[in-house]
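Engineer: Starting from these lines, generate the structure:
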Amino acid sequence: MSESILQCHKLSKVFSQGGHELIVLNDLDFSLAPGESVAIIGASGSGKTTLLNLLGGLDKPSSGEVLIKGQNVQQLKSKQQDMLRNQTLGFVYQFHHLLGEFTAQENVAMPLIIAGKPFKQCMQEAEAILAEVGLEERLTHKPSQLSGGERQRVAIARALVHNPACVLMDEPTGNLDRNTAKNIQRLMLSLKEKITTSFVIVTHDQELARMMDRTLLLQDGRLVSEA
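Structural biologist: Numbers count the residues shown, from 1 in each chain. The predicted model follows:
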């Protein structure tokens, strides 16, 4: 367990709604090994995105603990949490969240720039990872000049540029048409085979889920293994 990239123990999240308590996650346990890929599926509203945000240290649990590379996130100061996320995790969302005023290369370089690396090195590393996702000809294009699939590839490149131990993805194909989603599926399979990064992917995309090492169903606030 000490070698896990991500862990959570007895993780619970409760929201107050109209004077009532809504238990979204209930004493949930989870562990992710280095290089492992896990798909999390479940009904809409079951708490999948909430779980992803907790695992990424973007939200606070009602009870329980989240450990990133053995460090209890809740015991860290805000600046330490930010540094741990920047060094260890990458994030990809259903909507790409690219910065419209910057080029693809500049968007991808942003995590490295924030980390304080030299600008020239940041741009070189961004160019290299964009080539890995097949966008070497689109470096200077802004998001508005890219297709939906290309924007998502840029978002994936941005998540991977700093060689994170784990990438958390929330419905990475959910906002794409069928053919573009297929292309992203193929890209994910290729990346999974070529790099050692771990993946946790929340998805309704059954084909993408089947490409992962494990599929877990979030049901009644807990994760259960899929056959």
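Engineer: can you pull the contacts of the spatially most central residue of the chain?
Structural biologist: Geometric centre of the chain, nearest residue: Leu168, 1.7 Å, by C-alpha atoms, centre = their mean. Counting by C-beta atoms under 8 Å, 6 or more residues apart in numbering, Leu168 touches Leu52, Leu55, Gly56, Leu89, Gly90, Phe91, Val92, Val200. Every residue, glycine included, has its C-beta placed from N, CA and C.
Engineer: mind checking which helix or strand it is in?
Structural biologist: Leu168 is part of strand 166-170 when elements are defined by DSSP states H and E.
Engineer: hang on, the earlier thing: select, from the contacts of Leu168, the two members most distant in space.
Structural biologist: Leu55 and Val92 (13.7 Å; C-beta to C-beta).
Engineer: related to what we said a few turns ago, bridging residues for the residue nearest to the centre of the chain?
Structural biologist: Beta-bridge pairing of Leu168 under DSSP bridges involves Phe91, Val200.
Engineer: what's the spacing between it and Phe91?
Structural biologist: Distance of Leu168 to Phe91, computed by C-beta to C-beta, to the nearest Å: 5 Å.
Engineer: Repeat that for Ser190.
Structural biologist: Distance of Ser190 to Phe91, computed by C-beta to C-beta: 20 Å.
Engineer: between these two, who's got more neighbours?
Structural biologist: Phe91 (20 against 13; other C-beta atoms under 10 Å).
Engineer: Just list the residues touching that one, thanks.
Structural biologist: Neighbours of Phe91 in contact, by C-beta under 8 Å, 6+ apart: Gly56, Ala159, Val167, Leu168, Met169, Asp170.
Engineer: low-scoring stretches of this structure, by residue?
Structural biologist: 1-2, 226-227 (pLDDT under 70).
Engineer: residue ranges for the helices of the protein, please.
Structural biologist: Secondary structure of the chain (DSSP state H): helices at 48-55, 78-88, 104-114, 119-132, 148-160, 178-194, 206-210.
Engineer: tell me which residues of the shortest one are tucked away?
Structural biologist: What it means is helix 206-210. Residues Leu208, Ala209 are the ones in helix 206-210 that count as buried (16 or more other C-beta atoms under 10 Å).
Engineer: Contacts made by that helix with the rest, please.
Structural biologist: Ala39, Ile41, Pro172, Thr173, Ala181, Lys182, Ile184, Gln185, Met188, Ile201, Thr203, Thr215.
Engineer: if we look at the sheet, which residues does the last one bridge to?
Structural biologist: Same thing as Thr215. Ala39.
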